[in-house]
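# Sequence below, structure please.
(chains A and B)
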Amino acid sequence: MSKISISNLDFYYGKAQALYDISLEIPASEVTAFIGPSGCGKSTFIRTLNRMNDTIPIARVEGKVLIDGEDIYAPDTDVVALRRKVGMVFQKSNPFPKSIFENVAYGIRINQMHENKSDLEERVAKALDDSALLDEVKDRLNASAFSLSGGQQQRLCIARALAVEPEVILMDEPASALDPIATQKIEELIVGLKKQYTIVIVTHNMQQAARVSDRTAFFMLGKLVEYNPTQKMFTNPDEKLTEDYITGRFG
Amino acid sequence: MNAGMEHRIIDQQLDLLRDKVLLLGGKTETAVQRAMQSLVTRDSKLAQQVLDEDKIIDQMELEIDRMSIEILALQQPAAHDLRLVISVAKITPVLERIADHAGNIAEAALIINNEPELKPLVDLPMMADTAMKMLRTALDAFTSEDGETARQVIKQDKAIDKGYKRVFGDLIGMIINDPTTTTSAAQLLFIAKHLERIGDYVKDVCELTVYLSEASFIKHSPRT
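Model (predicted):
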C-alpha cells in the first residue's frame, strides 16, 4: 500500500485554480521528486500533503489525500499531529534564534516526547547524527544556530524535523540556496534517510531529482504530466512534454 | 508550449556528433568495399591503401570518444539526447572493428595476390555484398532512427552465416584435392571469417539503433 495516496486533488487560491485533478501514489521508504517549471504547482502540491496551505485564508482543496489510509482533510484531523508525522524542510533554512541544541530540542519539548534530561540529550544527539551534523557541532551545541554555515543550518533544520520522529519528510527546494559541497551533503543525507522515512522533494535541479529520487513526477501548469520511476523518466519518458522539459527544450 | 522552444547548445554538438559517426561509417564502408575489390581484381596497391587509411579511422574513433565524453560531462544529456550519445559511443568502436576486419582482408589479399590465381571467386564476393548492403542499410537506419529497418537488417545476417559455412566447406575441399592451393585457400578462409564477423558487428549497430529509437535493449534477447 502507498504511504501517501492522492486522488483527484484540485486546489484553488480564491477563484484561481492552481492544481487540476492530481492523482498520485507515493510509496513508503522511497524518495519521490516533483519537478517542473516555476509556477507549475509543485510547491503548492507538496504543501497539500501536510496542510501547510491551511494558513492561506483563500486556499481551498478538493479531492483526497490519504496518509496510511487516513484522510488528512477529514474534519476531525489533528493538524498538529499531522505535521509531526509529516515534517517539512524549506528552501531557506530557518533556524530559531536559539542555540543549536535548543533548535533540535524544541519540538521534542513541546510534544513532551522525552522522559528526562538525559533522554532529551540523547534524542537531540540522535537527530543531529541522523542529519549528518553531529560530528561538526558536538563541541558547540550551545552556540547560536546562526553561527553555522548555510549548509549546516539546513541540516540543522532537517535534524529539527527528524527530532519529532516523523514518518514523512517534505523538502521544498532544500538545497537550492547551497553551494555544491553542501548540496552534495544534503543529497547524501536524503538517500541515507529514505530507509526510515518517506521523502518527497521539490527541486528545480533536474540532475538532483535524477541523483536522489526513486520516482519523479513532472508538473506543468498545475497538471501532473507524467509520474514514473526516475530511471525511466530520464532515459525514456512516456510524454513528449516531459522529454522537452528534461532536455531543456523549453524554459 | 512549443512557442517557448529554445535553441539548445547541445543540439549543435549532437548534430556534429551524428555527422562524425556517419563520416566514420562511410569510411568503414569504403574500407570493406576496397578490401574486397583489391582481392577480386588482384589490386595490391588498393589493398595497401586500405591499410594506410586505417589510421585515419582510428583517429576518427578517438575524436568521437572525446566528443561523447565532453557532451556527457558538460551537457548532462537526458532521455533521447542521452540515448543518442550512448549509442554513438557504443557504435563507434564497432565501426572501428569493422574497419580493422577490412584491413585484415586487405592483408590477406596482399598475400593471395602473390600466389597463382585460383578459380574465380563467387561465394566470397556474394558474402561481402550482403555484408556491405547490411552495413549501408544499418547506417541509414541509424541516421533516420528507424528501429524497424534495423530489425530487418539483423535478420539478413543469417545469409552471411550460411555463406560462411558454404565457403568453408568448398575451401577445405580445395585444400584436400590440391594441397598446393593451401596458402591461398587458408587466406580465403580467414577472409570468409572476417566477413562473417562484420555481419555480427553490423547486428550490433542495428541493436543500438533500436535502443536509440525505441529505448529497448534487444541484445542477448531471443529473436523470432
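
# Could you give the residue of chain B that lies closest to chain A?
residue B:215 (3.5 Å; C-beta to the nearest C-beta). C-beta here means a position set from N, CA and C on the backbone, and glycine is covered the same way.

# wait, that residue sits on residue A:236?
Yes: Residue B:215 is within contact range of residue A:236, at 3.5 Å (criterion: C-beta atoms under 8 Å).

# which stretches of the chain have low pLDDT?
Reading this off chain A. A:251 (pLDDT under 70).

# actually chain B
B:1-6, B:223-224.

# give me phi/psi at the closest residue to chain B within chain A?
Closest to chain B within chain A is residue A:236: 3.5 Å, counting by C-beta to the nearest C-beta. Torsion angles at residue A:236 (phi, psi; degrees, to the nearest 10) stand at phi -160, psi 70.

# Is there a neighbour count for it? I'd like the number.
18 (other C-beta atoms under 10 Å in any protein chain shown).

# any idea how far it is from residue A:226?
11 Å (C-beta to C-beta, to the nearest Å).

# quick one: contacts for the spatially most central residue of chain B?
Nearest to the mean C-alpha position of chain B, by C-alpha atoms, centre = their mean, lies residue B:98 at 4.1 Å. The neighbours of residue B:98, taking C-beta atoms under 8 Å, 6 or more residues apart in numbering or on different chains as the test, are B:28, B:31-32, B:135, B:198, B:201-202.

# repeat that with 10 Å
B:24-25, B:28-29, B:31-32, B:57, B:131, B:135, B:194, B:197-202, B:204-205 (C-beta atoms under 10 Å, 6 or more residues apart in numbering or on different chains).

# Then residue B:194?
Taking C-beta under 10 Å, 6+ apart as the test, what residue B:194 contacts is B:32, B:35, B:98, B:100-105, B:107-108, B:127-128, B:131.

# Mind telling me what element it is part of?
Using DSSP states H and E, residue B:194 sits in helix B:182-214.

# List the buried residues in that helix.
B:184-185, B:187-189, B:191-192, B:194-199, B:201-214 (16 or more other C-beta atoms under 10 Å in any protein chain shown).

# One more: stretch B:21-41?
B:21-22, B:24-25, B:27-39.

# Show me how far that stretch is from its chain's centre.
9 Å (C-alpha atoms, centre = their mean, to the nearest Å).

# Using PDB, write down the CA coordinates of it.
Extracted in PDB, the C-alpha atoms of stretch B:21-41 (Å, rounded to 0.1, in the frame of the first residue of the first chain):
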ATOM      1  CA  VAL B  21      29.800   8.900 -36.700                       C
ATOM      2  CA  LEU B  22      28.200   8.900 -40.200                       C
ATOM      3  CA  LEU B  23      31.500  10.000 -41.700                       C
ATOM      4  CA  LEU B  24      33.200   7.100 -39.800                       C
ATOM      5  CA  GLY B  25      30.500   4.800 -41.100                       C
ATOM      6  CA  GLY B  26      31.200   6.000 -44.700                       C
ATOM      7  CA  LYS B  27      34.900   5.400 -44.300                       C
ATOM      8  CA  THR B  28      34.300   2.000 -42.900                       C
ATOM      9  CA  GLU B  29      32.000   1.100 -45.700                       C
ATOM     10  CA  THR B  30      34.600   2.200 -48.200                       C
ATOM     11  CA  ALA B  31      37.400   0.200 -46.500                       C
ATOM     12  CA  VAL B  32      35.400  -3.000 -46.700                       C
ATOM     13  CA  GLN B  33      34.400  -2.300 -50.300                       C
ATOM     14  CA  ARG B  34      38.000  -1.600 -51.400                       C
ATOM     15  CA  ALA B  35      39.500  -4.500 -49.500                       C
ATOM     16  CA  MET B  36      37.200  -6.900 -51.300                       C
ATOM     17  CA  GLN B  37      37.900  -5.100 -54.600                       C
ATOM     18  CA  SER B  38      41.600  -5.500 -54.000                       C
ATOM     19  CA  LEU B  39      41.100  -9.200 -53.700                       C
ATOM     20  CA  VAL B  40      38.700  -9.700 -56.600                       C
ATOM     21  CA  THR B  41      40.800  -7.600 -59.000                       C
END
